[in-house]
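Asks: Test case, fold it:
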Amino acid sequence: MVAAELEVLSFETSHLRKDGSTYDIKVHPQNAEYHGKEALAAIIIDISEAKANQLLLEKINKKLEERNEALMTLHMLLLRMPDNPLR
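Replies: Have a look, this model is predicted:
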């Protein structure tokens, strides 16, 4: 099989454990040859922790944006004060 013929793709999905719980995975399937026959091989990576970290970062960023907006509002109010301490 010629390397140029291989199509590289990946996808994310959930996998089911024997105990019924699920976890997030990323699948990287590839065409392969096994004992002279075409086969499909896949690298499967548990991305549960990475996804949880991404959600946490998004939550923290949202809080930071909200606090930044509040600080900007306060700044604008202070600038309008006659005895502005920022001048």
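Asks: For this protein, which segments count as helices?
Replies: Assigned by DSSP state H, the helices in the chain fall at 48-80.
Asks: Would you map out the domains in it?
Replies: Listed domain ranges for the chain are 1-46, 48-81 (source: automatic domain parsing).
Asks: how about these in CSV, adding mean pLDDT?
Replies: Formatted as CSV, the domains of the chain follow (pLDDT from 0 to 100):
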stretch, mean pLDDT
domain 1-46, 87
domain 48-81, 94
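Asks: Could I get those domains in TSV, plus columns for mean neighbour count?
Replies: Any C-beta I mention is one placed from the backbone N, CA and C, and that applies to glycine too. Shown next, in TSV, are those (neighbours: other Cβ atoms under 10 Å):
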stretch	mean neighbour count
domain 1-46	10
domain 48-81	10
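Asks: Identify the bridge partners of residue 16.
Replies: residue 22 (DSSP bridges).
Asks: Dig out what residue 46 forms beta bridges with.
Replies: Under the criterion used (DSSP bridges), residue 46 bridges to residue 25.
Asks: Pretty sure it sits against residue 17.
Replies: No. Residue 46 is not in contact with residue 17 according to Cβ atoms under 8 Å; the separation is 10.8 Å.
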